[in-house]
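Peer 1: give the three-dimensional model of this entry:
(one chain, ligands or ions: 1)
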Amino acid sequence: MTTVEYTDIRYAVADRVATITIDRPDRMNSFRGRTVDELIHAFKTAWAARDVAVVILTGAGERAFCAGGDVKERAETGSYGPTEWGTFEIERLHRMIRDIPKPVIAAVNGVAVGGGHVLHVLCDLTIAANHARFGQSGPRVGSFDAGFGSAYLARVVGEKRARQLWFLLELIDADTALSWGLVNKIVPGDELADAAMAWGRQIASYSPTALRFLKHSFNADSDHLAGLSHLAFDGLELFSHTDEAAEGAAAFAEKRLPDFDPYR
Ligand SMILES: CC(C)(COP(=O)(O)OP(=O)(O)OC[C@H]1O[C@@H](n2cnc3c(N)ncnc32)[C@H](O)[C@@H]1OP(=O)(O)O)[C@@H](O)C(=O)NCCC(=O)NCCSC(=O)c1cc(O)c2ccccc2c1O
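Peer 2: Below is the predicted model:
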């Protein structure tokens with residue numbers, strides 16, 4: 001991507017804060033391959049920009065932060081669609097959010113589920129609208145994130161709660177997420193953008209070198225999970241070509257319950 005015209009996201013900079021907005025509200029801001037490519041490009045841009053100190057990641061509209069992978073696309077085509085290099089680069093996006101040496105704030109403006117939930121978990125801070133909901137959904141649609149999305153999640157909320165999110169697939173509300181330590185702050189929905197910007201401006205006034213060292217030192221203790229993530233995504237790539245995974249995506253697109261009995 002040399003000259004980029006974003007179709008799936010928006011990128012804006014104000015007061016040394018870059019705001020990256022996933023802009024697919026008709027699909028609950030779920031991501032396809034192109035969305036992931038554009039997000040990586042935007043994070044790289046923010047990484048390199050001398051006038052950017054902090055990044056905010058959010059979703060368009062009030063219903064969804066991000067509903068994970070675009071399950072309709074997967075049901076229709078068997079994949080998350082075309083990408084620049086032909087590969088689905090979600091793991092690189094995860095690394096980008098962790099490795100960019102600037103704090104990343106998730107401004108969760110609605111539901112954060114599946115791979116969308118993983119994105120906010122990986123951000124350094126999360127501020128949520130009071131109507132936001134949080135959870136995982138992979139096992140219902142024939143998918144999983146056995147890397148940072150489960151192992152790092154368990155670090156954030158504890159083993160029992162992480163297993164609860166992944167095994168029961170029930171969404172939790174913002175108050176519960178706050179009490180679990182999954183989000184840092186809750187605000188009314190119409191105050192979310194301003195509240196996230198206020199944090200961004202505050203952080204942008206601090207020493208960039210100190211922030212960079214702090215972010216990398218926080219990451220160091222859990223960076224070995226990257227190896228686990230590689231293995232998990234290798235496994236997911238193989239699994240995604242199975243009838244069992246296809247049944248999960250098809251059931252979602254057809255608005256019916258999946259039948260996983262043949263695969264037990
Ligand atoms: C998100 C919901 C909880 C919202 O429920 P609600 O009742 O509020 O709204 P609707 O269900 O009516 O949804 C409105 C509208 O949006 C469409 N939609 C919702 N989510 C998606 C989606 N993920 N993809 C495509 N479209 C979506 C929905 O169909 C409705 O459209 P209409 O035309 O009918 O109006 C609830 O919608 C929900 O649970 N959504 C599914 C969440 C989900 O399962 N996400 C995918 C999980 S798998 C994943 O994220 C994933 C991540 C990775 O990183 C991977 C990496 C490598 C391989 C695979 C990966 C992967 O699968």
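Peer 1: only C-alpha atoms from now on, for both contacts and neighbour counts.
Peer 2: Noted.
Peer 1: hmm, stretch 28-41 in reach of the ligand?
Peer 2: Yes - using C-alpha under 6 Å from any ligand atom, we find that stretch 28-41 touches the ligand at 28, 30.
Peer 1: how about stretch 59-67?
Peer 2: Yes - Stretch 59-67 lies within reach of the ligand by C-alpha under 6 Å from any ligand atom, at A67.
Peer 1: let's see that stretch as CSV, backbone CA atoms only.
Peer 2: Provided in CSV are the C-alpha atoms of stretch 59-67 (Å, rounded to 0.1, in the frame of the first residue of the first chain):
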residue,chain,number,x,y,z
GLY,A,59,-15.7,2.2,15.9
ALA,A,60,-18.2,4.2,13.8
GLY,A,61,-21.7,4.7,15.2
GLU,A,62,-23.1,3.8,18.6
ARG,A,63,-23.8,0.1,18.2
ALA,A,64,-20.5,-1.5,17.8
PHE,A,65,-16.8,-1.0,18.5
CYS,A,66,-16.0,-4.1,16.5
ALA,A,67,-17.8,-7.5,16.1
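Peer 1: check the average confidence over it, would you?
Peer 2: Taken as a whole, stretch 59-67 has an average pLDDT of 98.
Peer 1: ok, residues contacting it?
Peer 2: Contacts to stretch 59-67, defined as C-alpha atoms under 8 Å, 6 or more residues apart in numbering, come from residues 21-25, 27-31, 58, 107-117, 132, 189.
Peer 1: the residue nearest the centre of the chain: helix or strand, and which one exactly?
Peer 2: Taking C-alpha atoms, centre = their mean, the centroid of the chain lies closest to L119, which sits 1.8 Å from it. Element membership for L119 (DSSP states H and E) is helix 115-122.
Peer 1: that helix - contacts with which helices or strands?
Peer 2: strand 64-66, helix 90-99 (3 or more C-alpha pairs under 8 Å, 6 or more residues apart in numbering; DSSP states H and E).
Peer 1: highest mean neighbour count out of those?
Peer 2: strand 64-66 (a mean of 31; mean count of other C-alpha atoms under 10 Å).
Peer 1: what strands line up against that one, and which way round?
Peer 2: strand 111-113 (parallel) (DSSP bridges).
Peer 1: identify all contacting residues around the partner strand.
Peer 2: 63-68, 120, 132-137, 171.
Peer 1: same question, stretch 171-182
Peer 2: Contacts for stretch 171-182 (C-alpha under 8 Å, 6+ apart): 113, 121, 126, 128-136, 156-157, 165, 183-186.
Peer 1: G149 contacts V118, correct?
Peer 2: Yes - between G149 and V118 there is a contact under C-alpha atoms under 8 Å: 5.1 Å.
Peer 1: which other helices and strands does the least confident helix or strand in the chain by mean pLDDT contact?
Peer 2: Within the chain, confidence by mean pLDDT, DSSP states H and E is lowest for helix 71-77 among all helices and strands, at a mean of 92. Secondary-structure packing of helix 71-77 (3+ C-alpha pairs under 8 Å, 6+ apart): helix 243-253.
Peer 1: how about the helix it packs on and the ligand, touching?
Peer 2: No - applying C-alpha under 6 Å from any ligand atom, one finds helix 243-253 separated from the ligand by no less than 6.5 Å.
Peer 1: buried stuff in that helix?
Peer 2: 244-253 (16 or more other C-alpha atoms under 10 Å).
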